[in-house]
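S.K.: Predicted model and sequence below, questions to follow.
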Amino acid sequence: MERRENLALFETKRYEGRFIYRLFAVTILVGICLIWAYRVCHIPKQGENGRWAWIGLLGAELWFGFYWIVTQGLRWNPAYRRTFKDRLSKRYENQLPGVDIFVCTADPTIEPPIMVINTVLSVMAYDYPQQKLSVYLSDDGGSDLTFYALLEASEFAKYWIPYCKKFKVEPRSPAAYFRSLPPYQENANLTNDSAIIKKLYEEMENRIETATKLGQIPTEERSKHKGFSQWDSYSSRSDHDTILQILLDGRDPNATDVTGYTLPTLVYLAREKRPFHFHNFKAGAMNALIRVSSKISNGEIILNVDCDMYSNNSKSIRDAICFLVDEEKGHDIAYVQFPQNFDNITKNELYGASLRVINEVEFHGLDGYGGPLYIGSGCFHRRDILSGRKFGVVYKKEEKRGNRKEQSVCELEETSKSLASSTYDENTQWGREIGLKYGCSVEDVMTGLSIQSQGWKSVYFNPSRKAFLGVAPITLPQTLVQHKRWAEGCFQVLLSKYSPAWYAYKKISLGLQLGYCNYCLWTPNCLATLYYSIVPSLYLLRGIPLFPQISSPWLIPFAYVIIAEYTYSLAEFLWSGGSVLGWWNHQRMWFYERASSYLFAFIDTILNKLGLSNSAFIITAKAANEDVSERYEKEIMEFGTSSPMFTILAALALLNLYCFSGAVTEAVMAESVARLCETLFMQILLSGLLVLINLPLYQGLFLRKDKGKMPTSLALRSAAFSLFACICFTIFY
Ligand SMILES: O=c1ccn([C@@H]2O[C@H](COP(=O)(O)OP(=O)(O)O[C@H]3O[C@H](CO)[C@@H](O)[C@H](O)[C@H]3O)[C@@H](O)[C@H]2O)c(=O)[nH]1
Ligand SMILES: [Mn+2]
């Protein structure tokens with residue numbers, strides 16, 4: 001017999017080089033302490049120039065140093081996982097758990113139905129016993145167009161799934177698969193099967209796109225399916241009954257694909273919406289899905305994906321199950337989170353949307369301390385834990401599916417509908433102790449933290465063939481708005497009952513607490529960043545030094561920390577598979593997010609706490625017009641709209657341009673370049689770097705003519721504003 005270790009369904013490895021990293025981190029910490037010491041020892045005396053600016057810098061540097069320590073929780077102890085799917089098949093092939101897959105969509109215009117059903121098809125075609133698979137589409141848009149597309153998909157699936165199995169197709173989203181075929185196959189070399197399936201797909205795509213464009217479904221299609229009658233009582237997307245339709249029933253012996261094999265169950269759900277009942281965004285949708293699916297398929301495992309995140313790896317469901325059914329270590333694991341990757345990232349990732357370092361470094365770090373955050377899409381959960389099972393309570397395998405067998409599809413639909421009513425949650429524990437948490441714009445992070453705080457572990461699995469690919473935002477305003485929602489949500493978590501800073505204390509490991517805080521403290525970063533990007537530059541304009549002179553030994557810790565940290569961050573980025581220019585673009589986004597998204601998130605969270613505003617969920621667009629897409633492909637920054645975020649970014653960029661050029665001109669005129677460099681070197685460097693990183697913004701303000709440039713009114717406004725700030729400062733200081 002094999003030894004027990006050889007039979008484990010997964011293994012965990014620690015990163016070998018972590019000791020070298022730790023040594024490096026200690027030297028940085030020494031540098032940081034020396035910088036603090038310099039600030040404290042050299043505070044200008046009362047009445048001397050720059051005293052308050054100096055104290056402010058001390059505050060900013062204390063913050064940055066503290067935040068740097070927090071980020072160490074993500075790098076100190078990374079873990080890497082590997083699964084053994086062959087062992088899983090050998091031991092469990094006939095007793096694999098049922099898996100319910102939830103796909104969420106919310107708006108047919110910014111989440112086109114054709115994209116949604118490609119995701120649905122990709123998860124229907126998982127390499128998994130089909131009778132154990134159920135796919136639910138939750139449509140918060142309540143759109144008959146999306147329903148129509150799903151109906152089409154349920155027909156196409158009968159050809160697509162057997163085709164995928166026969167040819168071991170990857171990826172199993174038809175659109176992505178046909179895109180991935182090399183061009184020469186386009187015409188001659190397509191096998192007969194491929195040609196047929198491609199034609200079927202294109203015809204379906206055509207019908208769906210036409211309907212979407214016209215905004216209505218052909219009458220004959222409408223009359224073909226009784227499901228459309230549920231829209232008769234529909235008045236608007238925020239006011240309608242529950243619409244529930246079991247399109248394919250896995251129990252039905254006639255619901256088979258063209259080769260006679262069972263198809264997965266496929267369900268369309270638009271939960272009830274009423275104008276006077278708050279629907280809690282995605283968390284509300286997920287909770288309705290948990291309840292409805294418990295009646296219909298009651299799969300032990302739940303996978304959630306966003307409607308744009310198709311499965312790129314037909315095996316990942318088995319990977320996840322290796323963790324959850326492992327006899328020795330499996331029962332402590334509540335969820336398995338896969339990274340979120342995107343298939344529309346350009347070479348140098350202009351908007352830093354790849355989440356590269358988070359995926360390749362930081363989440364492995366979290367995994368070393370008890371497991372990653374739950375970040376929504378791409379996460380496999382145990383149903384009973386989401387439904388409120390507490391850690392330590394012995395799991396009783398209850399009778400599955402209840403009396404489902406005796407019910408007809410119609411009965412089942414009718415009895416399940418009430419579970420998706422808009423008032424179901426009222427006066428229940430849903431949204432609090434059961435299901436996903438309400439009231440936070442990152443419902444997932446808060447839910448994951450409360451699960452981990454009970455004692456459960458989670459697992460991060462990052463296979464080399466990416467498990468899920470989605471659509472990243474392709475304009476600057478979309479990116480900044482998405483980051484604002486994330487930052488605001490994470491800050492809400494910090495201030496909530498489930499705060500990683502106090503609630504989780506001693507419930508999760510210190511490393512994991514730091515890891516959570518790293519994200520939960522994104523928002524307050526805006527203050528120190530704004531301070532650092534404004535004050536030293538203004539003082540440069542007045543010629544007042546705020547950093548050590550170039551000949552002073554105190555410059556060494558500054559130089560060391562800056563050079564070592566930037567070199568490390570570049571190395572980490574390259575190691576994660578990025579390019580040098582990609583890193584540079586990331587640095588820009590780092591600055592933009594802190595100076596705008598996080599600032600607005602900060603203000604909104606405070607207002608929210610004071611009861612003065614409500615946070616909304618602004619859904620990220622997944623489609624764009626050709627003009628915008630073209631500029632995205634060329635990596636030209638897209639501004640386009642007038643947003644208060646841009647006013648701030650533009651004002652900051654221009655302020656630094658004035659200060660930098662002002663200082664340089666003065667030095668050249670007074671022929672005192674050497675003296676200037678000696679005393680103000682760090683400030684020149686800082687504002688010079690800010691000018692350099694803002695080059696695309698200056699172009700957008702003054703040089704470009706296309707539709708993606710900054711609006712002229714905004715350019716004038718921010719130019720005037722920053723000029724005014726500089727003049728006031730020089731005159732009145
Ligand atoms: O009222 C709503 C609003 C949104 N959604 C769905 O939620 C998903 C995420 O929305 P998206 O606009 O794509 O937000 P992202 O910022 O890209 O989403 C990330 O961040 C969210 C908040 O943490 C997570 O829920 C997601 O899974 C994660 O991919 C989409 O499928 C939407 O259709 C709903 O179902 N109902
Ligand atoms: Mn998304």
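M.R.: Now that the structure is in, tell me what you want to look at. Ligands and ions are numbered 1, 2, ... in the order given.

S.K.: would you list every one of the strands in the stretch 251-400 of the chain?
M.R.: Applying DSSP state E, counting those that start in this stretch to the stretch 251-400 of the chain gives strands spanning 265-270, 301-306, 310-311, 333-337, 341-342, 379-382.

S.K.: Check the secondary structure at residue 28 for me.
M.R.: Secondary structure state of residue 28, per DSSP: H, G, I helix; E, B strand; the rest coil, is helix.

S.K.: who wins for proximity to ligand 1 among the strands of the stretch 251-400 of the chain?
M.R.: Ligand 1 lies closest, by CB to the nearest ligand atom, to one member of these: strand 301-306, at 3.4 Å. Every residue, glycine included, has its C-beta placed from N, CA and C.

S.K.: That closest one: partners in the sheet, and parallel or antiparallel?
M.R.: Note on strand 301-306: by DSSP bridges, its sheet partners are strand 99-105 (parallel), strand 379-382 (antiparallel).

S.K.: Rounded mean pLDDT for that strand, please.
M.R.: Strand 301-306 carries an average pLDDT of 98.

S.K.: what do you get for stretch 165-175?
M.R.: 96.

S.K.: would you put the C-alpha positions of it in CSV?
M.R.: Taking Å, rounded to 0.1, in the frame of the first residue of the first chain, the C-alpha atoms of stretch 165-175 are listed here in CSV:
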residue,chain,number,x,y,z
LYS,A,165,-15.6,16.4,-24.9
LYS,A,166,-14.8,14.8,-28.1
PHE,A,167,-12.0,17.2,-29.1
LYS,A,168,-10.9,18.1,-25.6
VAL,A,169,-11.5,21.7,-26.4
GLU,A,170,-9.9,24.5,-24.3
PRO,A,171,-11.1,27.1,-23.5
ARG,A,172,-14.8,26.1,-23.4
SER,A,173,-16.2,29.5,-24.0
PRO,A,174,-17.2,29.2,-27.7
ALA,A,175,-16.2,32.8,-28.5
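
S.K.: And it, what's buried?
M.R.: By neighbour count on 16 or more other CB atoms under 10 Å, the buried set for stretch 165-175 is 165, 169, 170, 171, 172, 173, 174, 175.

S.K.: want to throw those into CSV with distance to ligand 2 and secondary structure?
M.R.: Shown next, in CSV, are the buried residues of stretch 165-175 (distance: CB to the ion, whole Å; DSSP: H, G, I helix; E, B strand; the rest coil):
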residue, distance to ligand 2, secondary structure
165, 29, helix
169, 25, coil
170, 22, coil
171, 18, coil
172, 20, coil
173, 15, coil
174, 20, helix
175, 17, helix
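
S.K.: Make TSV out of those and add distance to residue 71.
M.R.: Shown next, in TSV, are the buried residues of stretch 165-175 (distance: CB to CB, whole Å):
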residue	distance to residue 71
165	45
169	41
170	36
171	34
172	37
173	35
174	41
175	38
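
S.K.: quick one on the thing from earlier: can you say which of the strands of the stretch 251-400 of the chain is nearest to residue 494?
M.R.: Closest of the strands of the stretch 251-400 of the chain to residue 494 is strand 333-337, at 20.2 Å (criterion: CB to CB).

S.K.: Paired strands for that closest one, with orientation please.
M.R.: In the sheet, strand 333-337 lines up against strand 379-382 (antiparallel), strand 457-460 (parallel) (DSSP bridges).

S.K.: contact partners of it?
M.R.: Residues from elsewhere that reach strand 333-337 (CB atoms under 8 Å, 6 or more residues apart in numbering): 319-320, 323-324, 326, 363, 371-375, 378-382, 385, 448, 451-452, 456-461.

S.K.: tell me the mean pLDDT over stretch 454-472?
M.R.: Here stretch 454-472 scores 97 as its mean pLDDT.

S.K.: wait, I meant stretch 645-659
M.R.: The average pLDDT for stretch 645-659 rounds to 96.

S.K.: What of stretch 86-94?
M.R.: Here stretch 86-94 scores 95 as its mean pLDDT.

S.K.: Pull out the buried positions in it.
M.R.: 87, 88.

S.K.: gap between it and the chain center?
M.R.: Relative to its parent chain, stretch 86-94 has a centroid offset of 33 Å by CA atoms, centre = their mean, to the nearest Å.
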